[in-house]
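1. Need a 3D model of the sequence below.
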Amino acid sequence: MAEAAVIQSYIDLSDNECEARIARAKAALGSQVVILGHHYQREEVFRFADYSGDSLKLSRRAAASDARYIVFCGVHFMAEVADILSRPEQRAILPDMAAGCAMADMADLAKVERAWRELGEILEPEQEVTPVTYINSAANLKAFCGRHGGIVCTSSNAQAVLKWAFDRREKVLFFPDQHLGRNTGYGMGIPLEEMVVWDFNQPYGGLTREQIQAARMILWQGHCSVHQMFQPVHIDRFLERYPDAKVISHPENSFEVCQKSHYVGSTEYIIKAIREAEPGTRWLVGTELNLVNRLREHYKTEGKSIHFMSPTVCMCSTMFRIDPQHLAWSLENLISGQVVNQIKVPEEEAELARLALTRMLEVSP
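-> The predicted structure follows:
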């Protein structure tokens, strides 16, 4: 039977039947397999994760795993990180190859290398600019950072990473998410006027020589399509109705949303803040819907009211690609000795990316 027909036979299964088959496959594979689940995954898949977390936590789990197979319920760049940090005999698997990241796609190697060349006509980038890529990026961009004295960051460790970067060179080229860069830099005392946005569709990023020379942070014109839907007016309207509520947002949100929030931090930070909050508190949360729904259900017994910031349903469609059907298909193939949807980063690229990732892990609190 052709592979497409086999996959279709799984897609036609009900969630309940898939869940039973996933449980049986996990039991049969035992310690040979570890399933990593990002917080933004749908609940039907998330429940099968051996370890869950944000990108930093899961990166560490991938590096520490003894399993032969690392099944990543997340998106493509996460499975790449698992492959880069795991041992050569291990296999990283992404249940659905269509699970990508729109933000990551906003920065590709050709555009970043062109930006680096153009910066080289104005600055001495190898002496003046540290490239920093958000972990939400392709492996070849992590390799670019490794090659040019740069580093990777997550939303959990961005401040520590930027401190490391500025200790080495006076400027930072930050990609692909401008908002994480801006919010983190501002929180470290860098004025907005010392940050510029590099429009990758324009020569020299659409900036003047003077703007580039004066900037401390050069922010790539990228964003998360989920977080850009949250608006300051959503916070204003909510606080008019619930003036005692607390607002907590992910730093991929716009500067204006983060400035109106009481707390700003990564998914792990958001989870910790709500977990440790007093019973009966009310929260407006500016991040992906699956996580917000999970928090609402988990803490309702404590009387905590947890609300999604946008009035419009707003979930990460690529994260949503991983479903029980694809997970069952991946695991049952492993039982039969077939590795499907393996993610393999070329070794030369992986070596340089590993350098940038190792720098990140070393400076992370």
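2. Please report phi then psi for Y40.
-> When read as degrees, to the nearest 10, the backbone of Y40 gives phi -80, psi 0.
3. Can you give me the neighbour number for it?
-> 24 (other Cβ atoms under 10 Å). C-betas here are computed from N, CA, C, even on glycine.
4. now swap in E302 and tell me
-> Count around E302 with other Cβ under 10 Å applied: 13.
5. before we move on, what about E17?
-> Count around E17 with other Cβ under 10 Å applied: 14.
6. so which strand or helix has it?
-> helix 15-29 (DSSP states H and E).
7. May I see the buried residues of that helix?
-> C18, E19, R21, I22, A25, K26, L29 (16 or more other Cβ atoms under 10 Å).
8. next helix or strand past that helix?
-> strand 33-38.
9. can you give me phi and psi for L173?
-> phi -100, psi 120.
10. for it, what are its contacts?
-> A115, W116, L119, P125, V129, T130, P131, V132, W198, I218, W220 (Cβ atoms under 8 Å, 6 or more residues apart in numbering).
11. Hmm, the last one is touching M106, no?
-> Yes: using Cβ atoms under 8 Å, W220 is in contact with M106, at 7.3 Å.
12. okay, and the common contacts of the two?
-> P176, F200.
13. Neighbour count for the two, which is higher?
-> W220 (26 against 21).
14. Quick one: neighbours of the residue nearest to the more buried one when sequence neighbours are not counted, just the number.
-> Spatial nearest neighbour of W220, chain neighbours left out: F175 (3.4 Å); criterion: Cβ to Cβ, 6 or more residues apart in numbering. Neighbourhood size, F175 [other Cβ under 10 Å]: 30.
15. wait, doesn't F175 sit right on Y134?
-> Yes: if you go by Cβ under 8 Å, F175 and Y134 touch, sitting 7.0 Å apart.
16. just to revisit the earlier point, turn the buried residues of helix 15-29 into TSV, columns for distance to Y186 and pLDDT.
-> Below are these laid out as TSV (distance: Cβ to Cβ, whole Å; pLDDT from 0 to 100):
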residue	distance to Y186	pLDDT
C18	45	93
E19	44	92
R21	49	96
I22	44	96
A25	47	97
K26	44	97
L29	46	97
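17. Relative to Q342, which of the residues you listed is nearest.
-> L29 (15.6 Å; Cβ to Cβ).
18. For the closest one, list the residues it contacts.
-> Y69, L331, L334, I335 are the contacts of L29 under Cβ under 8 Å, 6+ apart.
19. ok, residues contacting the host helix or strand of the third one?
-> Which is L334. Element membership for L334 (DSSP H and E) is helix 324-335. For helix 324-335, the surrounding residues in contact (Cβ under 8 Å, 6+ apart) are 6-7, 10-11, 13, 15, 18-19, 21-22, 25-26, 28-29, 32-33, 35, 44-45, 48, 69, 71, 73, 93, 95-96, 339-341.
20. And stretch 340-354, by the same measure?
-> With Cβ under 8 Å, 6+ apart, stretch 340-354 has contacts from 72, 76, 79-80, 82-85, 91-97, 139-140, 142-147, 329-330, 333.
21. Could you pull up the residues touching the residue positioned nearest the centre of the chain?
-> The centre of the chain sits closest to N136, judged by Cα atoms, centre = their mean, with a distance of 4.7 Å. For N136, the contacting residues are S55, F77, C101, M103, A104, P176, D177, C224, by Cβ under 8 Å, 6+ apart.
22. Show me which of those residues are buried.
-> For the contacts of N136, buried by 16+ other Cβ under 10 Å: S55, F77, C101, M103, A104, P176, D177, C224.
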